[in-house]
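Trainee: here is a sequence together with a model predicted from it:
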Amino acid sequence: METKIAVIGAGAWGSTLAFLAKANGHQVHLWSRQSSSTLADVLADADIVVSAVSMKGVRPVVEQLRSLSLGKVIFVTATKGLDPSTTCTPSQIWQAAFPANSVVVLAGPNLSKEIQAGLPAATVVGSNDMAAAKLVQTLFNSSRFRVYTNDDPLGVELGGTLKNVMAIAAGACDGLQLGTNAKAALVTRGLAEIIRIGNHWGAKTDTFYGLSGLGDLLATCNSPLSRNYQVGYGLAKGKKLTEILANLEGTAEGVNTSQVLVHLANQQGIYIPISAQVDRLLKEEVTPQAAVDSLMLRDVKPETHLP
Ligand SMILES: NC(=O)C1=CN([C@@H]2O[C@H](COP(=O)(O)OP(=O)(O)OC[C@H]3O[C@@H](n4cnc5c(N)ncnc54)[C@H](OP(=O)(O)O)[C@@H]3O)[C@@H](O)[C@H]2O)C=CC1
Ligand SMILES: O=C(CO)COP(=O)(O)O
């Protein structure tokens with residue numbers, strides 16, 4: 001059955017999600033600030049509203065939508081970030097603005113260029129409303145895009161969000177040519193750090209071993225297609241952050257996420273050694289090599305995700 005889907009945000013990810021839904025035979029309207037149609041026109045009659053704007057666009061878009069009467073639409077959020085002013089996740093912002101509507105989080109190892117090239121990929125749709133998650137699963141699932149459901153939306157969202165910080169570290173690791181052992185150690189301990197943060201905020205451990213956690217961590221920490229990886233790589237090669245961002249194709253959410261994360265973790269006493277070094281590196285408070293040395297020279301400890 002044809003479903004009416006409005007996709008907000010015509011960047012790399014919004015365009016790809018619109019393409020996938022269209023290929024499944026749905027009626028899709030894609031909106032960006034450059035569109036000739038108004039947001040109200042694009043959303044009229046929509047059954048599903050997919051938001052794929054970058055984190056800085058979430059609040060402005062939510063505010064615009066508040067004035068529209070949208071009925072029982074299901075919101076799907078595909079943004080991976082944390083709001084700097086409230087520290088909320090995108091789905092928390094959507095749910096607070098539309099408490100009567102179902103919100104579904106979509107996240108996974110989904111480098112858009114690979115999907116656009118027709119390569120197979122898998123993702124996760126997480127929600128407190130499993131009926132809504134199952135509906136969104138059927139809308140996007142295909143022979144090239146396998147969609148799983150999950151009942152831990154916060155875990156799905158945090159996996160996708162926090163791995164961006166680790167991808168910056170991984171890019172720096174490769175830029176410094178530290179080798180495969182170092183990269184494996186970084187990614188493994190990065191996952192332990194993500195689980196520690198996620199558990200503290202109420203997400204389930206298991207979710208982080210899934211596609212939106214470990215899956216996306218592996219994809220972005222190992223691919224030069226990842227913008228976050230490119231940021232870390234460029235910093236390790238001695239480039240300035242401003243120069244890297246000016247030449248980047250699209251958004252590297254990890255830059256903002258690391259700042260919000262460090263602020264929250266300091267407030268809440270969460271131990272985040274890798275993310276803290278990434279944040280210092282981004283702020284030019286430490287060189288890439290000094291960040292590695294700080295991590296290696298910490299007190300020894302048991303291997304656990306606990307502090
Ligand atoms: N690219 C990828 O491979 C994947 C990306 N993601 C996530 O999806 C999100 C978007 O990424 P991506 O598409 O790559 O990023 P892009 O930089 O390519 O696109 C960002 C989009 O956000 C929109 N936007 C930014 N600010 C506003 C605003 N104030 N109001 C309305 N729209 C705004 C932009 O609109 P405009 O064009 O008008 O400037 C643009 O459509 C990020 O959170 C990213 O982490 C998730 C999975 C895969
Ligand atoms: O989230 C992504 C893939 O799942 C995209 O990663 P980047 O934003 O680092 O390009």
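Mentor: Arrived safely, thanks for sending. Residues are numbered from 1 along each chain as shown. Ligands and ions are numbered 1, 2, ... in the order given.

Trainee: what residues does the stretch 151-300 of the chain have near ligand 1?
Mentor: 250-251, 253 (CB under 6 Å from any ligand atom). To be clear about C-beta, it is placed using only N, CA and C from the backbone, and glycine gets the same treatment.

Trainee: need the next SSE after the host helix or strand of Leu135, C-terminal direction.
Mentor: Secondary structure assignment for Leu135, by DSSP states H and E: helix 130-140. Next helix or strand after helix 130-140 toward the C-terminus (DSSP H and E): strand 145-150.

Trainee: wait, does the following helix or strand past that next one contact ligand 2?
Mentor: Per DSSP H and E, the first helix or strand lying C-terminal to strand 145-150 is helix 153-175. Yes: using CB under 6 Å from any ligand atom, helix 153-175 comes into contact with ligand 2 via 164, 167.

Trainee: pull helix 153-175 out as PDB, backbone CA atoms only.
Mentor: Only the C-alpha atoms of helix 153-175 are listed here, as PDB (Å, rounded to 0.1, in the frame of the first residue of the first chain):
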ATOM      1  CA  PRO A 153      14.900   4.000  21.100                       C
ATOM      2  CA  LEU A 154      17.300   5.900  23.400                       C
ATOM      3  CA  GLY A 155      20.000   3.200  23.000                       C
ATOM      4  CA  VAL A 156      19.500   3.200  19.200                       C
ATOM      5  CA  GLU A 157      19.800   7.000  19.100                       C
ATOM      6  CA  LEU A 158      22.800   7.200  21.500                       C
ATOM      7  CA  GLY A 159      24.700   4.500  19.600                       C
ATOM      8  CA  GLY A 160      24.500   6.500  16.400                       C
ATOM      9  CA  THR A 161      25.300   9.800  18.200                       C
ATOM     10  CA  LEU A 162      28.200   8.800  20.400                       C
ATOM     11  CA  LYS A 163      30.100   6.800  17.800                       C
ATOM     12  CA  ASN A 164      30.700  10.000  15.900                       C
ATOM     13  CA  VAL A 165      33.000  11.100  18.700                       C
ATOM     14  CA  MET A 166      34.900   7.800  18.400                       C
ATOM     15  CA  ALA A 167      35.100   8.200  14.600                       C
ATOM     16  CA  ILE A 168      37.000  11.400  15.100                       C
ATOM     17  CA  ALA A 169      39.400   9.500  17.400                       C
ATOM     18  CA  ALA A 170      39.700   6.700  14.800                       C
ATOM     19  CA  GLY A 171      40.400   9.100  12.000                       C
ATOM     20  CA  ALA A 172      43.200  10.700  14.200                       C
ATOM     21  CA  CYS A 173      44.500   7.200  15.000                       C
ATOM     22  CA  ASP A 174      44.800   6.400  11.200                       C
ATOM     23  CA  GLY A 175      46.100   9.900  10.400                       C
END
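
Trainee: perfect, I'm done here.
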